[in-house]
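okay, structure incoming, though there's no sequence with it:
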């Protein structure tokens, strides 16, 4: 049954010439940066920030802090399956692949795939399904099977030939910490990832990624002002090289400074007990235009698109497939 669901992968270079294709998710943060009259400057500035942060963290044998440059590819994954006697296709998710170029030796290093994470089905789950379930509820409710289908499809993708032939290592997703939780600094400090933070309970996003088979840890790298959430399979601290971890940190910290400057471009670093907030005013804006309201509106639009073109018409096929797939880990 699982073999009926296969995947195709396409990539698009994310550079200052990037323009979203008609098939790319309109809500993806990359598309948001690449629109408007300042699109090229937005992209150039973001890429420069990534390179500078990478060289700041990879400082050994790098006295002029310009040894490395980071190349980024947007990885678009399409689900292919048979339903109603016909071949069906649906855009499943987008992630980001990193290549690291050593300009001193000419060597290229494979970075970590994952990083940013964008998904039509997640838009449906959070922007359509949850509001519908709670429309008339007295207390906020999350269905017991919330995120199950998304989690199974994601794990099926990671176990597929399409993924394993293309990417040698498990992905790491790196996003903002939750504004609904409190984080406490620990004594654990990694030479690259930095100081570890922990929280008393998982956020809804943590639980959702858990359905995808991903664990979470929170680290604040040297020079950062807030911890990042790292979602991963395996061992985050042992499975990846220093340069690979730096590639993910420099890329995703840059995007978070643009997307959530109240947290990641704050003028003071997170305290030992830290509650992230988007209401604080003590932060600096980057010179890069990003429309957060548009992103939220489009999430609902694309969630409804997923309901109309994927969840409702193929619900029985998806249910049968999920019933025959092993339960997710996490």
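On my side now, so go ahead. Since this is a predicted model, take the numbers as computed values, not measurements. Residues are numbered from 1 along each chain as shown.

what stretches of the stretch 1-150 of the chain score poorly on pLDDT?
1-3, 21-37 (pLDDT under 70).

all helices for it, in order.
When assigned using DSSP state H, counting those that start in this stretch, the helices of the stretch 1-150 of the chain occupy the ranges 29-33, 39-57, 120-124, 130-133, 148-158.

tabulate those helices (a markdown table), appending distance to residue 320 and mean neighbour count.
Every C-beta, even on glycine, is put in place using the N, C-alpha and C of the backbone. As requested, the helices of the stretch 1-150 of the chain are exported to a markdown table (distance: least, Cβ to Cβ, whole Å; neighbours: other Cβ atoms under 10 Å):
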| stretch | distance to residue 320 | mean neighbour count |
| --- | --- | --- |
| helix 29-33 | 34 | 21 |
| helix 39-57 | 43 | 19 |
| helix 120-124 | 17 | 24 |
| helix 130-133 | 23 | 13 |
| helix 148-158 | 12 | 21 |
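
who's in contact with residue 190?
Taking Cβ atoms under 8 Å, 6 or more residues apart in numbering as the definition of contact, the neighbours of residue 190 are 196, 219, 237.

can you list the helices and strands that whatever helix or strand the second one lives in packs against?
This means residue 219. Assigned by DSSP states H and E, residue 219 belongs to strand 215-220. Under the contact criterion of 3 or more Cβ pairs under 8 Å, 6 or more residues apart in numbering; DSSP states H and E, the helices and strands touching strand 215-220 comprise strand 183-190, strand 194-199, helix 204-211, strand 228-232.

what ranges do the strands span in the stretch 1-150 of the chain?
6-14, 68-83, 86-102, 108-119 (DSSP state E, counting those that start in this stretch).

out of the ones you listed, which one sits most buried?
Using mean count of other Cβ atoms under 10 Å, the stretch among those with the largest mean neighbour count is strand 108-119, at a mean of 22.

now do it: which elements does it pack against?
Taking 3+ Cβ pairs under 8 Å, 6+ apart as contact, the helices and strands that strand 108-119 lies on are helix 29-33, strand 86-102, strand 172-176, helix 242-259.

now the second one, how far from the centre of its chain.
On the basis of Cα atoms, centre = their mean, to the nearest Å, strand 86-102 is displaced by 12 Å from the centre of the chain it belongs to.
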